[in-house]
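1. Return a 3D structure for these sequence lines:
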Amino acid sequence: MPKREYSIGLYEKALPADLSWKEKMNCAKEAGFDWIEISIDETDEKLKRLEWTKEERLDLIRLMYETGIPIRTMCLSGHRKYPLGSPDPETEKRGMEIMEKAIALADDLGIRIIQLAGYDVYYEESTAETRERFEKNLRIATHMAARAGVLMGFETMETEFMNTVGKAMNYVDTVKNVYLNVYPDCGNITNAAVSYGTDVLGDLRCGEGHITSVHLKETVPGKFREIPFGTGHVDFKSIIETAWAMGIRKFVTEFWYVGSENWKSDLKFANEMMTKILDAQPKDNY
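-> Coordinates of the predicted model:
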């Protein structure tokens, strides 16, 4: 079978948390995905992954080769609890420690892209000071990523701080480093476009030349999580066509396991829905 001209990944949280890594990889493979996006969220359980030993990291690499399903992107949402713009020195320090260790883990595992949460702070009020601190630490984090050769991309979030590609690009243009880009969430930018009365495709085009990959996630106005594919208002066909025209070839289906007995069918449905659109895109002929 010819190799596809794109790759499509599966968000780890679409799988039951109690599965082993080998089981997760095999389930992703059976459903037609090319890789898994690992989650490093704000829970102690996920943050402990940053402390994996060399042996644990090697074991995971061996599983990637054994199953044929690598881990190629990281959703780093641990900064919700430990934001880079925090006014608390200990929280700020922990946030930078998480950043450094996440880049090191990505480097060890062969992860190409870290998706950064687009928050200066999350559980506190955003101020001029938190934004200034965020930018300062963002520059340091970008230099860390540049040293390791690991790309970073902002996730467009559900809050006013960075809910559009245009807002993310303000920081990309300010930092001016090839290792800081945008990794948009198409569900979140769709909600923002509806809220602002703007064009979501125009917003996506704001990041041309700086978008690493795209999260394919369903939303409805005012709701950002756990909306089943096909029941929301995201125009996946137009978004994929626009992304494809900009040269984007890496996509991740973002959805959640919520206890359904039919979760394996949900994986296949998501894959088939998106690959049908992706397969219809113009061929690169190489």
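
2. can you give me the offset of stretch 137-155 from its chain's centre?
-> 14 Å (Cα atoms, centre = their mean, to the nearest Å).

3. Could I get the buried residue list for it?
-> Buried residues in stretch 137-155, counted by 16 or more other Cβ atoms under 10 Å: 137-138, 141-142, 144-146, 148, 150-155. Every residue, glycine included, has its C-beta placed from N, CA and C.

4. can I get those residues in a markdown table with distance to G209?
-> Formatted as a markdown table, the buried residues of stretch 137-155 follow (distance: Cβ to Cβ, whole Å):
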| residue | distance to G209 |
| --- | --- |
| N137 | 25 |
| L138 | 19 |
| A141 | 21 |
| T142 | 17 |
| M144 | 23 |
| A145 | 18 |
| A146 | 18 |
| A148 | 22 |
| V150 | 19 |
| L151 | 13 |
| M152 | 16 |
| G153 | 13 |
| F154 | 15 |
| E155 | 18 |
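
5. Make sure E272 is indeed in a strand.
-> No. Using DSSP: H, G, I helix; E, B strand; the rest coil, the secondary structure at E272 is helix, not a strand.

6. Next, work out how far apart it and D279 are.
-> 10 Å (Cβ to Cβ, to the nearest Å).

7. now the chain, which segments are flagged as low pLDDT?
-> 1-2, 286 (pLDDT under 70).

8. if we go to 50?
-> The chain contains residues with pLDDT under 50 at 1-2.

9. What is the neighbour count of the nearest residue to G95 once chain neighbours are set aside?
-> Among residues not flanking G95 along the chain, Y82 sits closest, at 4.0 Å (Cβ to Cβ, 6 or more residues apart in numbering). Using other Cβ atoms under 10 Å, Y82 has 21 neighbouring residues.

10. K93 now?
-> 12.

11. where's it, which helix or strand?
-> Assigned by DSSP states H and E, K93 belongs to helix 89-109.
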